[in-house]
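Visitor: A structural model of the following input is requested.
(one chain, ligands or ions: 1)
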Amino acid sequence: MRIIIGISGGIAAYKIPFLIRLLKKSGAEVKCILTPSAVDFISPIVVSALSNEPVGIDFWNKETGEWNNHVAYGEWADLLVIAPATANTIAKMATGACDNLLLATYLSMRNKTLVVPAMDLDMYKHPSFLRNIEQLTKDGVTILPASEGELASGLFGQGRMEEPEIILTKIQEILKTKTPLLGKTVLITAGPTHEAIDPVRFIGNSSSGKMGFALAETAIALGAKVVLISGPTNCTLTHDALEIIHVTTADEMLAEVKAKWEACSMGIFSAAVADYKPATVSDTKIKKVDDVLHIELVKNPDIVSWASNNKKENQLTIGFALETNNEKENALEKLKKKNMNIIILNSLNEKGAGFEKDTNKITIFDSKGDTKIFDLKHKKSVAIDIFDYIIEYSK
Ligand code: C5P
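Guide: Numbers count the residues shown, from 1 in each chain. Model (predicted):
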(Lines give C-alpha, C1' and ligand atoms only; values in the text may rest on other atoms or scores of the structure.)
Protein backbone atom coordinates (compact mmCIF):
# COMPACT_ATOMS: atom_id res chain seq x y z
CA MET A 1 0.00 0.00 0.00
CA ARG A 2 1.26 3.47 -0.85
CA ILE A 3 -0.54 5.95 1.32
CA ILE A 4 -0.35 9.74 1.50
CA ILE A 5 -1.65 11.12 4.78
CA GLY A 6 -2.79 14.71 4.31
CA ILE A 7 -2.85 16.43 7.69
CA SER A 8 -4.83 19.63 8.12
CA GLY A 9 -4.81 21.92 11.13
CA GLY A 10 -6.87 20.30 13.87
CA ILE A 11 -6.20 19.09 17.41
CA ALA A 12 -6.83 15.50 16.30
CA ALA A 13 -3.52 15.67 14.39
CA TYR A 14 -1.98 14.29 17.60
CA LYS A 15 -3.43 10.87 16.69
CA ILE A 16 -1.64 10.73 13.33
CA PRO A 17 1.68 9.32 14.64
CA PHE A 18 -0.27 6.22 15.75
CA LEU A 19 -1.85 5.94 12.31
CA ILE A 20 1.55 6.22 10.61
CA ARG A 21 2.91 3.52 12.92
CA LEU A 22 -0.04 1.19 12.29
CA LEU A 23 0.29 1.68 8.53
CA LYS A 24 4.04 1.06 8.57
CA LYS A 25 3.53 -2.07 10.72
CA SER A 26 1.03 -3.37 8.21
CA GLY A 27 3.69 -3.00 5.51
CA ALA A 28 2.50 0.25 3.90
CA GLU A 29 4.70 2.97 2.46
CA VAL A 30 3.63 6.30 3.92
CA LYS A 31 4.27 9.89 2.85
CA CYS A 32 2.78 12.88 4.63
CA ILE A 33 1.69 16.32 3.47
CA LEU A 34 0.80 19.00 6.00
CA THR A 35 -1.24 22.10 5.33
CA PRO A 36 0.62 25.23 6.54
CA SER A 37 -1.67 25.49 9.59
CA ALA A 38 -1.18 21.80 10.51
CA VAL A 39 2.38 22.71 11.49
CA ASP A 40 0.90 24.47 14.56
CA PHE A 41 -0.64 21.16 15.68
CA ILE A 42 2.01 18.56 14.89
CA SER A 43 5.73 18.75 14.32
CA PRO A 44 6.86 17.84 10.78
CA ILE A 45 9.92 16.25 12.44
CA VAL A 46 7.73 13.64 14.19
CA VAL A 47 5.82 12.93 10.99
CA SER A 48 9.01 12.68 8.94
CA ALA A 49 10.77 10.43 11.48
CA LEU A 50 7.84 8.00 11.73
CA SER A 51 7.12 7.84 8.02
CA ASN A 52 10.84 7.79 7.20
CA GLU A 53 10.12 10.21 4.34
CA PRO A 54 10.46 13.97 3.78
CA VAL A 55 7.30 15.88 4.64
CA GLY A 56 5.57 18.09 2.06
CA ILE A 57 4.21 21.42 3.30
CA ASP A 58 4.85 24.16 0.72
CA PHE A 59 4.99 24.02 -3.08
CA TRP A 60 8.66 24.90 -2.69
CA ASN A 61 11.16 23.38 -0.30
CA LYS A 62 12.80 26.63 0.80
CA GLU A 63 15.95 24.90 2.09
CA THR A 64 16.79 22.87 -1.01
CA GLY A 65 15.04 25.09 -3.55
CA GLU A 66 13.26 21.98 -4.88
CA TRP A 67 9.72 21.88 -6.16
CA ASN A 68 7.36 19.60 -4.21
CA ASN A 69 5.72 17.92 -7.18
CA HIS A 70 2.01 17.43 -6.43
CA VAL A 71 1.53 15.57 -9.71
CA ALA A 72 4.15 12.99 -8.66
CA TYR A 73 2.44 12.64 -5.26
CA GLY A 74 -0.91 12.11 -7.01
CA GLU A 75 0.53 9.43 -9.29
CA TRP A 76 2.45 7.65 -6.52
CA ALA A 77 -0.31 7.05 -3.99
CA ASP A 78 -2.83 4.21 -3.92
CA LEU A 79 -4.86 6.28 -1.51
CA LEU A 80 -4.87 9.83 -0.15
CA VAL A 81 -6.12 9.89 3.45
CA ILE A 82 -6.95 13.36 4.72
CA ALA A 83 -6.90 13.09 8.52
CA PRO A 84 -7.76 15.16 10.37
CA ALA A 85 -9.82 16.89 7.70
CA THR A 86 -10.92 20.30 8.99
CA ALA A 87 -14.07 22.13 7.88
CA ASN A 88 -11.81 24.56 6.02
CA THR A 89 -9.93 21.89 4.03
CA ILE A 90 -13.19 20.07 3.26
CA ALA A 91 -14.78 23.33 2.02
CA LYS A 92 -11.80 24.01 -0.23
CA MET A 93 -11.86 20.44 -1.58
CA ALA A 94 -15.56 20.78 -2.35
CA THR A 95 -15.00 23.96 -4.36
CA GLY A 96 -11.77 22.93 -6.10
CA ALA A 97 -9.63 25.55 -4.35
CA CYS A 98 -5.92 24.90 -4.65
CA ASP A 99 -3.97 27.22 -2.38
CA ASN A 100 -1.70 24.64 -0.73
CA LEU A 101 0.26 21.49 -1.60
CA LEU A 102 -2.31 19.14 -0.04
CA LEU A 103 -5.18 20.56 -2.10
CA ALA A 104 -3.07 20.47 -5.27
CA THR A 105 -2.27 16.81 -4.53
CA TYR A 106 -5.97 16.07 -3.97
CA LEU A 107 -6.75 17.55 -7.39
CA SER A 108 -3.92 15.48 -8.91
CA MET A 109 -4.95 12.15 -7.32
CA ARG A 110 -5.28 9.28 -9.80
CA ASN A 111 -6.64 6.94 -7.11
CA LYS A 112 -9.11 7.26 -4.28
CA THR A 113 -9.31 9.76 -1.45
CA LEU A 114 -10.55 9.08 2.09
CA VAL A 115 -11.60 12.03 4.25
CA VAL A 116 -11.64 11.68 8.05
CA PRO A 117 -13.26 14.80 9.50
CA ALA A 118 -12.58 16.28 12.93
CA MET A 119 -14.23 19.42 14.28
CA ASP A 120 -16.53 20.78 16.95
CA LEU A 121 -20.08 19.48 17.10
CA ASP A 122 -21.80 22.65 15.84
CA MET A 123 -19.44 22.89 12.87
CA TYR A 124 -20.11 19.20 12.16
CA LYS A 125 -23.85 19.88 11.97
CA HIS A 126 -23.57 23.14 10.02
CA PRO A 127 -25.51 23.15 6.71
CA SER A 128 -22.46 24.39 4.79
CA PHE A 129 -20.31 21.51 6.09
CA LEU A 130 -23.06 18.99 5.29
CA ARG A 131 -23.36 20.50 1.80
CA ASN A 132 -19.59 20.18 1.26
CA ILE A 133 -19.54 16.57 2.46
CA GLU A 134 -22.41 15.77 0.08
CA GLN A 135 -20.40 17.35 -2.74
CA LEU A 136 -17.27 15.34 -1.87
CA THR A 137 -19.32 12.13 -1.78
CA LYS A 138 -20.67 12.97 -5.25
CA ASP A 139 -17.07 13.57 -6.36
CA GLY A 140 -16.23 9.98 -5.36
CA VAL A 141 -14.48 10.72 -2.07
CA THR A 142 -15.04 8.23 0.78
CA ILE A 143 -15.94 9.79 4.13
CA LEU A 144 -15.20 8.12 7.46
CA PRO A 145 -17.65 9.99 9.70
CA ALA A 146 -16.54 11.44 13.00
CA SER A 147 -17.53 9.55 16.14
CA GLU A 148 -19.32 10.87 19.21
CA GLY A 149 -17.43 11.73 22.36
CA GLU A 150 -15.72 14.46 24.33
CA LEU A 151 -14.31 17.13 22.04
CA ALA A 152 -11.25 19.33 22.52
CA SER A 153 -13.60 22.22 23.37
CA GLY A 154 -14.93 20.24 26.34
CA LEU A 155 -18.29 19.82 24.61
CA PHE A 156 -19.73 16.37 23.99
CA GLY A 157 -21.07 15.29 20.62
CA GLN A 158 -20.20 14.14 17.11
CA GLY A 159 -16.96 15.54 15.75
CA ARG A 160 -14.17 13.35 17.16
CA MET A 161 -11.85 12.02 14.49
CA GLU A 162 -12.07 8.23 14.33
CA GLU A 163 -9.33 6.30 16.15
CA PRO A 164 -6.23 5.27 14.11
CA GLU A 165 -7.17 1.57 14.31
CA ILE A 166 -10.56 2.30 12.77
CA ILE A 167 -8.95 4.48 10.07
CA LEU A 168 -6.55 1.61 9.27
CA THR A 169 -9.46 -0.83 8.98
CA LYS A 170 -11.20 1.60 6.60
CA ILE A 171 -8.03 1.98 4.50
CA GLN A 172 -7.68 -1.80 4.29
CA GLU A 173 -11.34 -2.11 3.39
CA ILE A 174 -10.92 0.44 0.57
CA LEU A 175 -7.72 -1.18 -0.70
CA LYS A 176 -8.81 -4.71 0.26
CA THR A 177 -5.39 -5.60 1.61
CA LYS A 178 -4.45 -8.87 3.25
CA THR A 179 -4.60 -8.89 7.01
CA PRO A 180 -2.69 -11.45 9.10
CA LEU A 181 -5.57 -12.26 11.47
CA LEU A 182 -8.24 -12.47 8.77
CA GLY A 183 -10.54 -15.45 9.41
CA LYS A 184 -9.41 -15.75 13.02
CA THR A 185 -11.46 -15.09 16.14
CA VAL A 186 -9.58 -13.66 19.10
CA LEU A 187 -10.98 -13.94 22.62
CA ILE A 188 -9.86 -11.20 25.01
CA THR A 189 -10.64 -10.81 28.71
CA ALA A 190 -10.29 -7.28 30.09
CA GLY A 191 -10.80 -5.08 33.12
CA PRO A 192 -11.25 -6.07 36.76
CA THR A 193 -13.84 -8.36 38.29
CA HIS A 194 -16.06 -7.24 41.15
CA GLU A 195 -16.92 -9.86 43.76
CA ALA A 196 -19.94 -8.87 45.83
CA ILE A 197 -19.77 -8.76 49.63
CA ASP A 198 -23.30 -7.45 50.03
CA PRO A 199 -25.73 -5.56 47.71
CA VAL A 200 -23.59 -2.39 47.75
CA ARG A 201 -20.01 -3.52 48.37
CA PHE A 202 -17.51 -5.60 46.47
CA ILE A 203 -13.90 -6.78 46.34
CA GLY A 204 -12.20 -5.42 43.23
CA ASN A 205 -9.10 -3.72 41.89
CA SER A 206 -8.25 -0.60 39.90
CA SER A 207 -7.65 -2.26 36.51
CA SER A 208 -8.95 0.18 33.87
CA GLY A 209 -9.44 -2.28 31.00
CA LYS A 210 -7.36 -0.01 28.70
CA MET A 211 -4.86 -2.74 27.74
CA GLY A 212 -7.57 -5.26 26.85
CA PHE A 213 -9.54 -2.71 24.82
CA ALA A 214 -6.35 -1.63 22.98
CA LEU A 215 -5.70 -5.31 22.16
CA ALA A 216 -9.25 -5.65 20.84
CA GLU A 217 -8.89 -2.58 18.58
CA THR A 218 -5.58 -3.83 17.19
CA ALA A 219 -6.89 -7.36 16.57
CA ILE A 220 -9.79 -5.87 14.59
CA ALA A 221 -7.39 -3.68 12.58
CA LEU A 222 -5.39 -6.82 11.75
CA GLY A 223 -8.51 -8.49 10.37
CA ALA A 224 -9.70 -10.60 13.31
CA LYS A 225 -13.14 -11.00 14.77
CA VAL A 226 -12.97 -10.26 18.48
CA VAL A 227 -14.94 -11.56 21.43
CA LEU A 228 -14.15 -9.12 24.25
CA ILE A 229 -15.30 -10.27 27.69
CA SER A 230 -14.89 -7.35 30.04
CA GLY A 231 -15.39 -6.68 33.72
CA PRO A 232 -16.64 -3.25 34.88
CA THR A 233 -14.81 -0.50 32.92
CA ASN A 234 -15.27 2.98 31.47
CA CYS A 235 -13.69 1.91 28.16
CA THR A 236 -15.95 1.71 25.12
CA LEU A 237 -15.52 0.21 21.66
CA THR A 238 -17.91 -0.51 18.83
CA HIS A 239 -17.15 -2.28 15.57
CA ASP A 240 -18.92 -4.73 13.28
CA ALA A 241 -16.18 -7.29 13.96
CA LEU A 242 -16.54 -6.97 17.74
CA GLU A 243 -18.75 -8.89 20.14
CA ILE A 244 -18.49 -7.31 23.56
CA ILE A 245 -19.79 -9.15 26.61
CA HIS A 246 -20.00 -7.32 29.92
CA VAL A 247 -19.58 -9.33 33.10
CA THR A 248 -19.08 -8.51 36.75
CA THR A 249 -17.61 -11.54 38.54
CA ALA A 250 -14.90 -14.12 37.79
CA ASP A 251 -17.55 -16.86 37.66
CA GLU A 252 -19.49 -14.91 35.01
CA MET A 253 -16.26 -14.28 33.05
CA LEU A 254 -15.38 -17.98 33.11
CA ALA A 255 -18.89 -18.96 31.99
CA GLU A 256 -18.59 -16.64 28.96
CA VAL A 257 -15.08 -17.90 28.13
CA LYS A 258 -16.38 -21.49 28.28
CA ALA A 259 -19.23 -20.58 25.92
CA LYS A 260 -16.95 -18.86 23.36
CA TRP A 261 -13.60 -20.65 23.58
CA GLU A 262 -14.16 -23.42 21.02
CA ALA A 263 -14.64 -20.98 18.13
CA CYS A 264 -11.49 -18.97 18.93
CA SER A 265 -7.96 -19.24 17.53
CA MET A 266 -6.40 -17.62 20.57
CA GLY A 267 -7.27 -16.14 23.94
CA ILE A 268 -5.52 -13.14 25.44
CA PHE A 269 -6.29 -13.02 29.14
CA SER A 270 -5.62 -9.44 30.21
CA ALA A 271 -8.33 -9.24 32.88
CA ALA A 272 -7.23 -8.58 36.45
CA VAL A 273 -9.44 -11.28 37.92
CA ALA A 274 -9.97 -11.09 41.68
CA ASP A 275 -8.12 -14.03 43.21
CA TYR A 276 -10.69 -14.50 45.95
CA LYS A 277 -14.41 -13.91 46.42
CA PRO A 278 -16.52 -13.81 49.60
CA ALA A 279 -17.67 -17.33 50.56
CA THR A 280 -21.21 -16.01 51.02
CA VAL A 281 -22.87 -12.82 49.79
CA SER A 282 -25.07 -11.05 52.32
CA ASP A 283 -28.61 -10.37 50.98
CA THR A 284 -28.76 -7.15 52.95
CA LYS A 285 -26.25 -4.36 53.56
CA ILE A 286 -23.85 -5.43 56.32
CA LYS A 287 -24.30 -3.15 59.36
CA LYS A 288 -21.43 -1.36 61.06
CA VAL A 289 -21.74 -3.07 64.47
CA ASP A 290 -18.56 -4.80 65.64
CA ASP A 291 -15.05 -3.28 65.70
CA VAL A 292 -13.71 -6.14 63.63
CA LEU A 293 -15.49 -7.70 60.65
CA HIS A 294 -14.35 -11.05 59.30
CA ILE A 295 -15.17 -11.94 55.74
CA GLU A 296 -14.36 -15.47 54.66
CA LEU A 297 -12.88 -15.61 51.17
CA VAL A 298 -12.69 -18.55 48.79
CA LYS A 299 -10.56 -18.90 45.66
CA ASN A 300 -11.94 -17.83 42.31
CA PRO A 301 -11.60 -20.12 39.29
CA ASP A 302 -8.48 -19.51 37.19
CA ILE A 303 -9.85 -18.56 33.79
CA VAL A 304 -6.70 -18.74 31.66
CA SER A 305 -5.84 -22.12 33.21
CA TRP A 306 -9.25 -23.45 32.22
CA ALA A 307 -8.71 -22.26 28.62
CA SER A 308 -5.15 -23.66 28.54
CA ASN A 309 -6.29 -27.03 29.83
CA ASN A 310 -9.07 -27.13 27.25
CA LYS A 311 -7.16 -25.94 24.19
CA LYS A 312 -6.87 -27.78 20.93
CA GLU A 313 -3.55 -28.01 19.11
CA ASN A 314 -4.18 -24.87 17.03
CA GLN A 315 -5.36 -22.69 19.93
CA LEU A 316 -3.04 -20.33 21.82
CA THR A 317 -3.36 -18.93 25.33
CA ILE A 318 -1.62 -15.69 26.21
CA GLY A 319 -1.62 -14.25 29.71
CA PHE A 320 -0.29 -11.31 31.66
CA ALA A 321 1.75 -11.16 34.84
CA LEU A 322 1.83 -8.05 37.00
CA GLU A 323 4.67 -8.49 39.45
CA THR A 324 6.36 -6.39 42.11
CA ASN A 325 9.26 -8.73 42.94
CA ASN A 326 11.15 -11.66 41.38
CA GLU A 327 9.44 -10.61 38.19
CA LYS A 328 11.11 -12.92 35.69
CA GLU A 329 10.95 -16.01 37.91
CA ASN A 330 7.31 -15.44 38.79
CA ALA A 331 6.34 -14.78 35.17
CA LEU A 332 8.11 -17.94 33.95
CA GLU A 333 6.53 -19.99 36.72
CA LYS A 334 3.07 -18.69 35.75
CA LEU A 335 3.70 -19.42 32.07
CA LYS A 336 4.39 -23.05 32.96
CA LYS A 337 1.83 -23.53 35.72
CA LYS A 338 -1.00 -22.09 33.64
CA ASN A 339 0.16 -24.01 30.54
CA MET A 340 0.21 -20.82 28.43
CA ASN A 341 2.02 -20.24 25.13
CA ILE A 342 3.03 -16.66 25.89
CA ILE A 343 3.17 -14.49 29.01
CA ILE A 344 3.46 -10.71 29.02
CA LEU A 345 5.14 -9.29 32.10
CA ASN A 346 4.39 -5.78 33.18
CA SER A 347 6.11 -4.62 36.24
CA LEU A 348 4.64 -2.22 38.78
CA ASN A 349 8.25 -1.15 39.47
CA GLU A 350 8.35 0.55 36.08
CA LYS A 351 7.28 4.21 36.12
CA GLY A 352 4.38 4.64 33.69
CA ALA A 353 3.42 0.95 33.57
CA GLY A 354 0.43 -0.84 35.03
CA PHE A 355 -3.13 -0.15 36.12
CA GLU A 356 -5.00 3.01 35.05
CA LYS A 357 -1.99 4.32 33.05
CA ASP A 358 -2.03 4.99 29.30
CA THR A 359 1.46 3.57 28.90
CA ASN A 360 2.99 0.19 29.61
CA LYS A 361 6.42 -1.43 29.59
CA ILE A 362 6.42 -5.13 28.86
CA THR A 363 8.70 -8.14 28.57
CA ILE A 364 7.39 -11.17 26.70
CA PHE A 365 8.36 -14.78 27.50
CA ASP A 366 7.13 -17.78 25.53
CA SER A 367 6.92 -21.56 25.86
CA LYS A 368 9.71 -22.01 23.27
CA GLY A 369 12.10 -20.25 25.65
CA ASP A 370 12.30 -16.91 23.80
CA THR A 371 12.22 -13.51 25.52
CA LYS A 372 11.82 -9.95 24.25
CA ILE A 373 12.08 -6.70 26.23
CA PHE A 374 10.15 -3.65 24.96
CA ASP A 375 10.43 0.09 25.69
CA LEU A 376 7.82 2.10 27.59
CA LYS A 377 5.04 2.84 25.08
CA HIS A 378 1.40 3.87 24.75
CA LYS A 379 -0.87 0.88 25.40
CA LYS A 380 -2.06 1.05 21.77
CA SER A 381 1.53 0.61 20.54
CA VAL A 382 2.08 -2.14 23.11
CA ALA A 383 -0.93 -3.94 21.63
CA ILE A 384 0.72 -3.85 18.18
CA ASP A 385 3.98 -5.27 19.63
CA ILE A 386 2.02 -8.07 21.31
CA PHE A 387 0.26 -9.10 18.09
CA ASP A 388 3.55 -8.89 16.12
CA TYR A 389 5.02 -11.29 18.68
CA ILE A 390 2.03 -13.67 18.61
CA ILE A 391 2.01 -13.76 14.78
CA GLU A 392 5.76 -14.49 14.70
CA TYR A 393 5.37 -17.18 17.45
CA SER A 394 2.65 -19.01 15.53
CA LYS A 395 4.64 -19.21 12.27
O1 C5P B 1 -2.06 -15.50 38.88
P2 C5P B 1 -2.12 -14.15 38.28
O3 C5P B 1 -3.38 -13.40 38.60
O4 C5P B 1 -0.92 -13.30 38.49
O5 C5P B 1 -2.11 -14.48 36.69
C6 C5P B 1 -2.27 -13.50 35.76
C7 C5P B 1 -2.84 -14.07 34.50
O8 C5P B 1 -3.83 -15.04 34.75
C9 C5P B 1 -3.54 -12.99 33.69
O10 C5P B 1 -3.40 -13.30 32.33
C11 C5P B 1 -4.97 -13.09 34.17
O12 C5P B 1 -5.89 -12.58 33.23
C13 C5P B 1 -5.12 -14.58 34.37
N14 C5P B 1 -6.06 -14.97 35.43
C15 C5P B 1 -7.23 -15.61 35.11
N16 C5P B 1 -8.08 -16.00 36.11
C17 C5P B 1 -7.78 -15.79 37.39
C18 C5P B 1 -6.59 -15.13 37.73
C19 C5P B 1 -5.74 -14.71 36.72
O20 C5P B 1 -7.51 -15.81 33.93
N21 C5P B 1 -8.61 -16.18 38.33
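
Visitor: quick one: secondary structure of Pro84?
Guide: With DSSP: H, G, I helix; E, B strand; the rest coil as the basis, Pro84 sits in strand.

Visitor: Isn't it up against Gly6?
Guide: No - judged on C-beta atoms under 8 Å, Pro84 makes no contact with Gly6 at a distance of 9.6 Å. Quick note: C-beta positions are derived from backbone N, CA and C, even for glycine.

Visitor: Looking at the two, which one has more neighbours?
Guide: Using other C-beta atoms under 10 Å as the criterion, Pro84 and Gly6 rank with Gly6 on top: 32 against 28.

Visitor: for this structure, which helix is longest?
Guide: Under DSSP state H, the helix in the chain containing the largest number of residues is helix 379-393.

Visitor: How far off centre is that one?
Guide: 11 Å (C-alpha atoms, centre = their mean, to the nearest Å).

Visitor: and that helix, what other elements does it pack with?
Guide: Other elements packing on helix 379-393 under the criterion 3 or more C-beta pairs under 8 Å, 6 or more residues apart in numbering; DSSP states H and E are helix 16-25, helix 210-221, strand 316-323, strand 342-347, strand 359-360, strand 362-366.

Visitor: The helix or strand just after the longest one pairs with which strands?
Guide: In the C-terminal direction, the helix or strand that comes right after helix 210-221 (DSSP states H and E) is strand 225-230. Each strand pairing with strand 225-230, determined using DSSP bridges, is listed with its direction: strand 185-190 (parallel), strand 242-246 (parallel).

Visitor: Let's have those in TSV, adding distance to the ligand.
Guide: As requested, the strands paired with strand 225-230 are exported to TSV (distance: least, C-beta to the nearest ligand atom, whole Å):
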stretch	distance to the ligand
strand 185-190	6
strand 242-246	15
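
Visitor: Please name whichever of those strands is nearest to Glu392.
Guide: For Glu392, the closest of the strands paired with strand 225-230 is strand 185-190, at 15.9 Å, according to C-beta to C-beta.

Visitor: Buried residues in that closest one, which are they?
Guide: For strand 185-190, the neighbour count (16 or more other C-beta atoms under 10 Å) marks 185-190 as buried.

Visitor: I'd like these laid out as JSON lines, including distance to Leu79 and pLDDT.
Guide: Below are the buried residues of strand 185-190 laid out as JSON lines (distance: C-beta to C-beta, whole Å; pLDDT from 0 to 100):
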{"residue": "Thr185", "distance to Leu79": "28", "pLDDT": "98"}
{"residue": "Val186", "distance to Leu79": "26", "pLDDT": "98"}
{"residue": "Leu187", "distance to Leu79": "32", "pLDDT": "98"}
{"residue": "Ile188", "distance to Leu79": "29", "pLDDT": "98"}
{"residue": "Thr189", "distance to Leu79": "35", "pLDDT": "98"}
{"residue": "Ala190", "distance to Leu79": "32", "pLDDT": "98"}
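
Visitor: thinking again about what came up before, let me know which of the helices and strands packed on helix 379-393 is tucked in deepest.
Guide: helix 210-221 (a mean of 27; mean count of other C-beta atoms under 10 Å).

Visitor: Let me know whether that helix sits next to the ligand.
Guide: No - counting by C-beta under 6 Å from any ligand atom, no contacts exist between helix 210-221 and the ligand, the nearest distance being 9.0 Å.

Visitor: ok, back up a step: now for the strands paired with strand 225-230, which one comes closest to Lys380?
Guide: strand 185-190 (14.1 Å).

Visitor: any residues touching the next helix or strand after that closest one, and which ones?
Guide: Per DSSP H and E, the first helix or strand lying C-terminal to strand 185-190 is strand 195-198. Contacts to strand 195-198, defined as C-beta atoms under 8 Å, 6 or more residues apart in numbering, come from residues 202-204, 248-250, 274, 276-278, 281-286, 295, 300.

Visitor: next one: stretch 230-242
Guide: For stretch 230-242, the external contacting residues (C-beta under 8 Å, 6+ apart) are 166, 169, 189-194, 204, 207-210, 212-213, 216-217, 220, 224-226, 228, 244-248, 253, 271-273.

Visitor: who are the neighbours in contact with the residue of the stretch 1-150 of the chain found nearest the ligand?
Guide: Taking C-beta to the nearest ligand atom, the ligand has its nearest neighbour within the stretch 1-150 of the chain at Lys25, 24.0 Å off. Applying C-beta under 8 Å, 6+ apart, we find Lys25 in contact with 384, 388.

Visitor: Give me the pLDDT value at it.
Guide: Looking at Lys25, its pLDDT reads 84.

Visitor: what's the answer for the one 10 residues further on, then?
Guide: Note for Thr35: predicted pLDDT of 98.

Visitor: Ile16 too?
Guide: Per-residue pLDDT puts Ile16 at 98.

Visitor: And for Glu66?
Guide: For Glu66, the pLDDT comes out at 79.

Visitor: give me the number of residues near it?
Guide: Neighbours of Glu66 (other C-beta under 10 Å): 10.

Visitor: who does the residue nearest to it when sequence neighbours are not counted bridge with?
Guide: In this structure, Glu66 finds its nearest non-sequential neighbour in Trp60, 7.4 Å apart by C-beta to C-beta, 6 or more residues apart in numbering. Trp60 has these beta-bridge partners by DSSP bridges: Trp67.
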